[in-house]
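Trainee: Sequence plus predicted model, see below.
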Amino acid sequence: MFRSTIQNDRNICIICLEKRGTIRTLDGMVCEDCMPTELIAGVQKLRKHNILSYQRTHTSWNSCSNNSILGECQNRIIEDRSAAITQETPTILADELNAQIQTAESIDIIVSFIMLSGLSLIQDSLMDFTKKGRLRVITTSYMGITEYVALNELFRLPNTEVRMELSVDRTRLHAKSFIFRRSEGKSTAFVGSANISKSALTEGEEWVVKLREQDVPQVIEDLQRSYDELWNSSAIKPVTKKNRAEIETALENLGK
């Protein structure tokens with residue numbers, strides 16, 4: 001009963017559920033012990049998943065007094081092997097993607113649609129990554145679900161290119177994959193049903209397979225080749241903020 005009351009208190013830290021939160025994030029209040037000082041600058045854009053992922057991937061961080069929370073976060077990250085992510089596994093896809101982004105050399109993403117609710121879960125990691133690494137994104141105007149506001153966030157990132165399938169008469173691109181390229185045969189890809197939305201990257205019933213190049217090098221090569229072919233296809237158009245009218249027209253027409 002006491003713990004239930006704590007969880008319903010809007011001022012209790014959303015990470016440890018024990019201390020009074022003093023730092024406001026998108027998901028709620030976080031106490032000073034649970035908030036890594038390195039994240040303070042962008043705290044207003046942070047979600048719980050960003051904070052937990054940071055704690056998991058930065059082993060030197062040990063400020064949190066609740067070790068069980070850190071253990072919970074560690075359990076949500078798949079050990080370094082090829083594996084499946086389903087509703088039956090404790091893994092949160094957003095945590096996995098944030099961890100992969102931090103060590104990638106280049107990233108290729110293809111999804112049917114992108115929503116700000118999902119992009120915000122990995123946006124801070126992408127912002128840091130694109131200061132030095134190359135990001136390519138392919139998406140569509142399928143059913144008018146992609147949000148221009150989310151695309152605009154991608155347009156703001158350095159070293160980032162976005163291409164879209166915009167044709168009203170041709171909306172058959174349903175591929176969903178995240179490819180994290182690394183040298184020495186250490187690339188990783190996630191392939192499955194998840195688009196970039198909050199539900200898909202957190203609690204949604206999505207099936208995704210994590211594939212390591214060490215385990216299935218030919219599969220990673222095939223995925224990369226298919227991605228490159230699609231990237232250079234005439235059906236996929238490079239877009240920037242200058243294409244806003246065209247993008248929003250396509251989204252509106254397909255959303256009817």
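Mentor: Perfect, I can see it now. Numbers count the residues shown, from 1 in each chain.

Trainee: I'd guess residue 84 is in a helix, am I close?
Mentor: No - looking at residue 84 with DSSP: H, G, I helix; E, B strand; the rest coil, it is strand, so not inside a helix.

Trainee: neighbours around it, how many?
Mentor: Close neighbours of residue 84, defined as other C-beta atoms under 10 Å, add up to 13. For the C-beta atoms, the positions are set from N, CA and C on the backbone; glycine is no exception.

Trainee: do residue 55 as well
Mentor: Per other C-beta under 10 Å, the neighbour tally for residue 55 reads 22.

Trainee: Let me see the contact set for residue 151.
Mentor: By C-beta atoms under 8 Å, 6 or more residues apart in numbering, the contact set of residue 151 is 114, 139, 162, 239, 247.

Trainee: for residue 195, same thing?
Mentor: Residues in contact with residue 195 (C-beta under 8 Å, 6+ apart) are 111, 112, 113, 114, 115, 118, 145, 176.

Trainee: Residue 83 now?
Mentor: Counting by C-beta under 8 Å, 6+ apart, the residues that residue 83 touches are 89, 91, 209, 210.

Trainee: For those residues, which PyMOL command selects only the ones that are buried?
Mentor: To isolate the buried members of those in PyMOL, using 16 or more other C-beta atoms under 10 Å:
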select buried, resi 91+209+210
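
Trainee: Residue 176 reaches residue 111, doesn't it?
Mentor: Yes - with contacts counted by C-beta atoms under 8 Å, residue 176 reaches residue 111, the gap being 5.0 Å.

Trainee: ok, which stretches of the stretch 51-200 of the chain are strands?
Mentor: With strands called from DSSP state E, counting those that start in this stretch, the stretch 51-200 of the chain shows them at 83-85, 106-110, 134-140, 160-165, 177-181, 188-192.

Trainee: from the contacts of residue 195, which would you call buried?
Mentor: Those of those that meet the buried threshold are 111, 112, 113, 114, 115, 118, 145, 176, by 16+ other C-beta under 10 Å.

Trainee: hang on, the earlier thing: overlap in contacts of residue 176 and residue 111?
Mentor: 194, 195.

Trainee: before we move on, back to that, which among the contacts of residue 195 gets closest to residue 25?
Mentor: Using C-beta to C-beta, residue 118 comes nearest to residue 25 of the contacts of residue 195, at 16.8 Å.

Trainee: got a pLDDT number for the closest one?
Mentor: With respect to pLDDT, residue 118 has a value of 92.

Trainee: Enumerate every residue touching it.
Mentor: 94, 150, 195, 196, 197, 198, 199, 200, 201 are the contacts of residue 118 under C-beta under 8 Å, 6+ apart.

Trainee: Among those, name the buried ones.
Mentor: For the contacts of residue 118, buried by 16+ other C-beta under 10 Å: 94, 150, 195, 196, 197, 198, 200, 201.
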